[in-house]
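# any chance you could fold what I've pasted below:
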Amino acid sequence: MTATAALAGVACLWLGMVLAISFLEAPLKFRAPDVTVRIGLGIGRLVFRALNAVEAALAVVVVVTLIAGHVPGPVLGTAVAAVGVLALQLVAIRPVLNRRSDRVLAGEDPPRSRAHLGYVGTEVVKVALLLAAGVLALSGL
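Below is the predicted model of the structure:
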């Protein structure tokens, strides 16, 4: 298997996970009967902690693949950018969201946070980058 083919598989797997969790599970859980904001946040923290751990592992696989094999420039650029977006989310945005959700889970009612919009925005960018990396890798560019 070539590095480009491996990268295509990892990018598609990662893309599917982000789409399923961030854009399907996360908003739907709050529509379930009797799910309060506190319960939804508690579930969301567990789910996103797990998702982010798997994403970090996939990002390591991407980086190792990029180092170990020859990958065309466009694929390299989009893959590196996707890893960079994940790093931004984990280092800069998730800690802010975690502090706010800690307060909500402790019974406080803190004001809305713009960090959530930042996370959603970076998820959209990451989805576009992963899609591009997968398509470019599959097309051989």
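# so where is this structure shaky, pLDDT-wise?
141 (pLDDT under 70).
# okay, which residue is most central for it?
For the chain, the residue nearest the mean C-alpha position is V18 (5.2 Å; Cα atoms, centre = their mean).
# dump the residue contacts of that one.
51, 55, 123, 126-127, 130 (Cβ atoms under 8 Å, 6 or more residues apart in numbering). Quick note: C-beta positions are derived from backbone N, CA and C, even for glycine.
# next SSE after the helix or strand hosting it?
For V18, the element it lies in under DSSP states H and E is helix 3-20. Per DSSP H and E, the first helix or strand lying C-terminal to helix 3-20 is helix 26-29.
# in that following helix, what's buried?
A26 (16 or more other Cβ atoms under 10 Å).
# would you map the strands across the chain?
In the chain, no strands are defined using DSSP state E.
# so who does the closest residue in space to R103 that isn't next to it in sequence touch?
Excluding the flanking residues, the one nearest R103 by Cβ to Cβ, 6 or more residues apart in numbering is P110, at 4.7 Å. Counting by Cβ under 8 Å, 6+ apart, P110 makes contact with 100, 103-104.
# now stretch 58-76, how far from the chain's geometric center?
Mean-position distance between stretch 58-76 and its chain equals 18 Å (Cα atoms, centre = their mean, to the nearest Å).
# A128 is in contact with A81, correct?
No: the pair A81 and A128 does not pass the contact test of Cβ atoms under 8 Å, sitting 9.5 Å apart.
# shared neighbours of those two, anything?
With Cβ under 8 Å, 6+ apart as the test, A81 and A128 reach no residue in common.
# rewinding a little: ramachandran angles for the residue nearest to R103?
phi -70, psi 160 (degrees, to the nearest 10).
# got the angle between the lengthiest helix in the chain and helix 3-20?
Looking across the chain with DSSP state H, the single longest helix is helix 37-68. Angle of helix 37-68 versus helix 3-20, following axes from the mean of the first three to the mean of the last three Cα atoms, to 10 degrees, is 170 degrees.
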